[in-house]
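Novice: Model the structure of this input:
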Amino acid sequence: MWYLSMNIKFITEKIHMSRGGASRSLHVLASQLEQRGHNVTIATINIGSKNQLPVQHEYLVNEIGNDSENILHSCGSIINYMEKKEKNTDIFHIFTPQFNFLGGIFKKKGGKTPIIGRLNNYAFCPNKSMMESQCYLNCTTASKIKHDVGDVNEKIANIPKYMFKTHLDPILMNQVDKLFAISPSVKQIYISNGIDPEIIEVMPNFIDKSFSMKGKKKALFDGCFNILYVGWLKEIKGVRTLIEAARKLKNGFKFHIVGDGPLYSELSNNSPSNVEYYGRIDNSDLSSFYTSADLFVHPGNWPEPFGRTILESLQCQTPVLTSNIGAPPWIAGNAGLQFEPKNSSELISQLQLLKQNNKVYNSIKKSIPNEISRFEMEPIIQKILKTYNELQT
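Specialist: Alright, predicted model coming up:
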């Protein structure tokens, strides 16, 4: 369906393409909207660093803050920007969850332009590593203070912020017109923290069709059952569990770890011989890794909001094995199996099943086209545009 041209303004912290994730998702969405005849502007705050923009982009970029500003001053800059641009804007789409409450302030001050917020992380949480304990189901001020990794003085200084996030942030977020959660698990977690379920709509990331066509497409691995991990090397990603499994699966299994992070040196210097580390690989070269692997493993310990690497694996027709927490099992659907987080014994059992049972493996692989179709670009963009249009009527 074709919609009349709209003036759409995204608000985000920054665009930093080398970090991928949200910046890449925003770039693709903004570019697609421009190609459909809409006028798109991305307003950035640039706290701590400047934008790293893509070489080519059709949308406009307004830098309304600078890298020397603090967060409080930046919030004021965002409100001023929205009030100044309201007359020439059909939709404000806040892409950084930490700024969603500003949409509520804008509405409280009499703003009429529809506001959409994005829920792609857990803005209320001070310590993501604690989310594996399910404390997120009721993230109180006391738990925020307890889980803060700072010293006593820092915790005391943060009390007003945590009281705001617990008591005022949900009230203000409930004033916006719509919140796009990138997965059902994100929606449920925000509902448990006081957000009105009526304003939350699941709007997942969509696949970038150009991704699976990138790279040299040559086989990088051979001879064994090749298992791939792509992502940050930090505690909440669960890579330790994967390495524990590798120690006990030396015959016929090869593990390939792509990515960097705080655990890189420790893990790479203390892993068995059947584990190989590649460091950070450019996104344009990743598809060769996925297509060369027999299985992609996402071993996260926490409720990952989404998991773009799972989509990338499925795009390359590689089945997946995920921990059964957060969005990854939903993304994989019937194209993957699950195991309990931090349970290396269960992970080993699933890896052995997939290696030894061709019927199970092939059944999962045949499910990939159906599962990946849920994340096709066009239906999701049409759903976004439909919501934009409905909010203006």
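
Novice: Where do the strands of the stretch 201-350 of the chain begin and end?
Specialist: If DSSP state E, counting those that start in this stretch is used as the criterion, the strands of the stretch 201-350 of the chain fall at 225-230, 253-258, 275-279, 295-298, 320-323, 336-339.

Novice: got the contact list for the fourth one?
Specialist: Spelled out, that is strand 295-298. For strand 295-298, the surrounding residues in contact (C-beta atoms under 8 Å, 6 or more residues apart in numbering) are 225-231, 242, 290, 304, 307, 309-310, 313, 318-323, 328, 347, 351, 354. Yep, even glycine has a C-beta here, placed from its N, CA and C like the rest.

Novice: per-residue confidence averaged over that strand?
Specialist: Mean pLDDT, strand 295-298: 98.

Novice: go on, the second one?
Specialist: Mean pLDDT, computed over strand 253-258, is 96.

Novice: between it and strand 225-230, how many degrees?
Specialist: Strand 253-258 and strand 225-230 are oriented at 20 degrees to each other (axes from the mean of the first three to the mean of the last three C-alpha atoms, to 10 degrees).

Novice: Give me the contacts around strand 253-258.
Specialist: So strand 253-258 is in contact with 221, 223-231, 233, 239, 242-243, 246, 267-268, 274-281, 286, 289, 293, 351, 355, going by C-beta under 8 Å, 6+ apart.

Novice: let's see 7 Å
Specialist: 221, 224-230, 242, 246, 274-278, 281, 289, 293, 351 (C-beta atoms under 7 Å, 6 or more residues apart in numbering).

Novice: That strand pairs with which strands, parallel or anti?
Specialist: strand 225-230 (parallel), strand 275-279 (parallel) (DSSP bridges).

Novice: again with the last one
Specialist: Using DSSP bridges, the strands paired with strand 336-339 are strand 320-323 (parallel).

Novice: Look at residue 211 and report its pLDDT.
Specialist: 75.

Novice: you'd agree it is up against residue 285?
Specialist: No: shown here, residue 211 and residue 285 do not form a contact pair, counting by C-beta atoms under 7 Å, at 11.2 Å.

Novice: Let me have the strands of the stretch 201-350 of the chain in CSV, extended by mean neighbour count.
Specialist: Below are those laid out as CSV (neighbours: other C-beta atoms under 10 Å):
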stretch, mean neighbour count
strand 225-230, 23
strand 253-258, 22
strand 275-279, 16
strand 295-298, 25
strand 320-323, 26
strand 336-339, 22
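
Novice: and residue 194, which of the ones you listed is closest to it?
Specialist: Taking C-beta to C-beta, strand 320-323 is the member of those nearest to residue 194, at 26.9 Å.

Novice: Not counting its own residues, what contacts the closest one?
Specialist: For strand 320-323, using C-beta under 7 Å, 6+ apart, the contacting residues are 238, 295-300, 310, 313-314, 328-329, 332, 335-339, 341, 350, 354.

Novice: quick check: mean pLDDT across stretch 187-207?
Specialist: The model assigns stretch 187-207 a mean pLDDT of 95.

Novice: Can you give the distance of it from its chain's centre?
Specialist: Chain-centre distance of stretch 187-207: 14 Å, with C-alpha atoms, centre = their mean, to the nearest Å.

Novice: from here on, count from 21
Specialist: In the new count, where the first residue is 21, that last one comes out as stretch 207-227.

Novice: Please put the alpha-carbon coordinates of it into PDB.
Specialist: Only the C-alpha atoms of stretch 207-227 are listed here, as PDB (Å, rounded to 0.1, in the frame of the first residue of the first chain):
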ATOM      1  CA  LYS A 207       7.100  -6.300  25.400                       C
ATOM      2  CA  GLN A 208       6.400  -8.500  28.300                       C
ATOM      3  CA  ILE A 209       9.300  -7.200  30.300                       C
ATOM      4  CA  TYR A 210       8.200  -3.600  29.900                       C
ATOM      5  CA  ILE A 211       4.700  -4.500  30.800                       C
ATOM      6  CA  SER A 212       6.000  -6.000  34.000                       C
ATOM      7  CA  ASN A 213       7.700  -2.600  34.700                       C
ATOM      8  CA  GLY A 214       4.600  -0.500  34.400                       C
ATOM      9  CA  ILE A 215       4.100   0.200  30.700                       C
ATOM     10  CA  ASP A 216       0.600   0.000  29.300                       C
ATOM     11  CA  PRO A 217       0.300  -3.100  27.100                       C
ATOM     12  CA  GLU A 218      -2.200  -1.200  24.900                       C
ATOM     13  CA  ILE A 219       0.400   1.100  23.500                       C
ATOM     14  CA  ILE A 220       3.100  -1.600  22.900                       C
ATOM     15  CA  GLU A 221       3.200  -3.100  19.400                       C
ATOM     16  CA  VAL A 222       5.700  -5.800  18.500                       C
ATOM     17  CA  MET A 223       7.800  -4.500  15.500                       C
ATOM     18  CA  PRO A 224      10.800  -6.600  14.900                       C
ATOM     19  CA  ASN A 225      14.000  -5.800  13.000                       C
ATOM     20  CA  PHE A 226      13.800  -6.900   9.400                       C
ATOM     21  CA  ILE A 227      16.300  -8.700   7.300                       C
END
